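Show me how the following folds:
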Amino acid sequence: MQNCSKIIIADDHPLFRGALKQALALPLGGDNSPPSIIEAGDFSSAIKILSENTDADLVLLDLAMPGTSGFSGLVSIRSQYAGVPVVIVSATDDPGSIRRAMELGASGFIPKSSGMDIIREAVSSVMAGNVWTPPDLDLGTESDPDVADLIERLSSLTPQQARVLTMLGEGLLNKQIAYELGVSEATIKAHVSAVLQKLGVDSRTQAVIRLSKIGIDAIENASLR
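Numbers count the residues shown, from 1 in each chain. Model prediction:
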């Protein structure tokens, strides 16, 4: 393990970011010094920081923050930066949400109600190559075949398609997404069509209904034309 690990904290609440920094202020596992912490207050900033720090050892990601909705941020990061472990840190910590986060590629799930010792234990475990969920919690199995099918479909998105899906969830128009990604609007239209096809839907309304089943809300006013 590196002498100094690099951890990205993506959460829109400064006080909670401060609490996480405090919990991680001591060396972790085999490190000789505390980790280097980089903070992001919204999802766009988190993606920018990741692009500039591809050697990051871990991302601590809130499910609810500006620029992402539900699990779309997790899907986007896992598709673009598959080598960087992502641990969800969220107040939404029911067994179903935890199970779905893990199925979508998270390496861990830390409830925001956890104490500092638990946070350190979870982060150390994931950075040692393990997965971590709250102990003594039965996550069960997915009982809704439609949700299981949707999770599999989301996992098939390419990095660019996952990013487009995230930005659609922000309510951005095709031309705005094209500007942000530096591509043509025609390219975005093609990505949107591919995303709808992979989700197995024909329209925006159907996509909204399907995605809402796993907590990914889409904004109705985003243009799909």
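
now the one helix or strand L211 maps to: mean pLDDT?
In the assignment (DSSP states H and E), L211 maps to helix 204-212. Helix 204-212 shows an average pLDDT of 72 in the prediction.

Ok, stretch 159-166 next?
Summarised as a single mean, pLDDT over stretch 159-166 is 81.

Tabulate the CA atom coordinates of that stretch in PDB.
Only the C-alpha atoms of stretch 159-166 are listed here, as PDB (Å, rounded to 0.1, in the frame of the first residue of the first chain):
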ATOM      1  CA  PRO A 159     -18.800   5.400 -19.900                       C
ATOM      2  CA  GLN A 160     -20.200   8.100 -22.200                       C
ATOM      3  CA  GLN A 161     -23.700   6.700 -22.100                       C
ATOM      4  CA  ALA A 162     -23.600   6.600 -18.300                       C
ATOM      5  CA  ARG A 163     -22.400  10.200 -18.200                       C
ATOM      6  CA  VAL A 164     -25.200  11.300 -20.600                       C
ATOM      7  CA  LEU A 165     -27.700   9.500 -18.400                       C
ATOM      8  CA  THR A 166     -26.400  11.400 -15.300                       C
END
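
Mind listing residues that contact that stretch?
Contacts made with stretch 159-166 from outside it, assessed by Cβ atoms under 8 Å, 6 or more residues apart in numbering, are listed as 43, 47, 67-69, 72-73, 75-76, 78-80, 154, 157, 177, 181, 188, 191-192, 194-195, 198. In short, each C-beta sits where N, CA and C put it, glycine included.

6 Å instead, please
T68, S72, V75, S76, S79, Q80, H191, A194, V195 (Cβ atoms under 6 Å, 6 or more residues apart in numbering).

Name the residues of the lengthiest helix in the chain that come out as buried.
Using DSSP state H to define each element, the chain has its longest helix at helix 185-199. Judged by neighbour count using 16 or more other Cβ atoms under 10 Å, the buried positions of helix 185-199 are T187, I188, K189, H191, V192, V195, L196, K198, L199.

Pipe those residues into a markdown table and attach distance to I8 and pLDDT per row.
Formatted as a markdown table, the buried residues of helix 185-199 follow (distance: Cβ to Cβ, whole Å; pLDDT from 0 to 100):
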| residue | distance to I8 | pLDDT |
| --- | --- | --- |
| T187 | 28 | 94 |
| I188 | 27 | 91 |
| K189 | 32 | 91 |
| H191 | 26 | 91 |
| V192 | 28 | 89 |
| V195 | 26 | 88 |
| L196 | 31 | 89 |
| K198 | 28 | 90 |
| L199 | 28 | 87 |
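
Can you add distance to S97 and give those residues back as CSV?
As requested, these are exported to CSV (distance: Cβ to Cβ, whole Å):
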residue, distance to S97
T187, 33
I188, 30
K189, 32
H191, 27
V192, 27
V195, 23
L196, 25
K198, 23
L199, 20
